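Asks: requesting a structural model of the entry that follows:
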Amino acid sequence: MQKYGLIGYPLRHSFSIGYFNEKFHAEGIDAEYLNFEIPTINDFMEVILENPTLAGLNVTIPYKEQVIPFLDELEKDTAAIGAVNVIKITRVKGKIKLKGYNSDIIGFTQSIEPLLQPQHKKALILGTGGSSKAVFHGLKNLGVEGLHVSRTAQKGAITYEEITPEIMDEYKVIVNCTPVGMYPKVDFCPDIPYQYLTPDHLLYDLLYNPNITLFMKKGEAQGAVTKNGLEMLLLQAFAAWEIWNGNEPLRSF
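Replies: Next comes the predicted model:
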């Protein structure tokens, strides 16, 4: 039986374990998906060696960056992002090869591309964490210029206080890569000047719980197009399965 799994710490709720085990059962696939809760990244190779039928892993916090030194190869976009959340494990004649991918960029790109219109040339990316880097590179691949927005001043980003009416007019895509507004704190939203949004704007929230965040509600009130991150989550899972089964993930760019 093939094994797949998730590494991270702590592992409270995991979308992946439910999704993949239901998939295996429904499609008659002789495989199982397990959670590997490891307290330190130094336990990573122990997981690989103690599970000889392990063919693929998902990676979650805090190991998306820490796992990279253990890998033999990184896919090109993944190397640019500097964060891994899918690992393909190949075993040939006793030798193990580990290749890292980032399915955030795949899921996000495939999800947002159908919504992009000619006016969507520039994007504000709220947040500076790992997912925001994947979003930045995904938008770049689609020909959209990204600008990070941070709570504190840092190189390559502006602060929320620096978002002017002129910037809101110029950057007609806004992507929330922060946890602000996630359940149970549903009455919060990123601090942007929503009054300057128009029907030409596109607001994409990586959050999906609640289904419609306050960020999205305020965008809709101004006529903007909005979308949450549920489809991105599902597309990430599809991409991981394609990677593990020998296919480079399908891309739309």
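Asks: need phi/psi at Lys3.
Replies: Backbone torsions of Lys3, given as degrees, to the nearest 10, read phi -120, psi 150.
Asks: number of nearby residues for the closest residue to it other than its chain neighbours?
Replies: Closest residue to Lys3 apart from its sequence neighbours, by C-beta to C-beta, 6 or more residues apart in numbering: Leu54 at 4.5 Å. For every residue, glycine as well, the C-beta is placed using N, CA and C. Residues near Leu54, counting by other C-beta atoms under 10 Å, number 20.
Asks: how far away is Leu54 from Trp241?
Replies: Separation of Leu54 from Trp241 (C-beta to C-beta, to the nearest Å) stands at 15 Å.
Asks: same thing with Gln222?
Replies: The spacing between Gln222 and Trp241, counted by C-beta to C-beta, is 38 Å.
Asks: cool, Lys88 as well?
Replies: For Lys88, the distance to Trp241 - C-beta to C-beta - is 11 Å.
Asks: now do the SS call for the residue nearest to the spatial centre of the chain.
Replies: Taking C-alpha atoms, centre = their mean, the centroid of the chain lies closest to Asp104, which sits 2.9 Å from it. Under DSSP: H, G, I helix; E, B strand; the rest coil, Asp104 falls in the helix class.
Asks: what number of residues lie near the residue lying closest to it once chain neighbours are set aside?
Replies: Excluding its sequence neighbours, the residue lying closest to Asp104 (C-beta to C-beta, 6+ apart) is Ala134, at 3.7 Å. Residues within reach of Ala134, counting by other C-beta under 10 Å, total 28.
Asks: can you pull the pLDDT of Ala134?
Replies: The per-residue pLDDT reported for Ala134 equals 94.
Asks: list the contacts for it?
Replies: Ile81, Ala83, Asn102, Asp104, Ile105, Phe108 (C-beta atoms under 8 Å, 6 or more residues apart in numbering).
Asks: count residues in the vicinity of the residue lying closest to Ile41 once chain neighbours are set aside, would you?
Replies: Counting by C-beta to C-beta, 6+ apart, Ile41 lies nearest to Gln66, which is 4.3 Å off, once chain neighbours are set aside. Gln66 has 16 neighbouring residues, counting by other C-beta under 10 Å.
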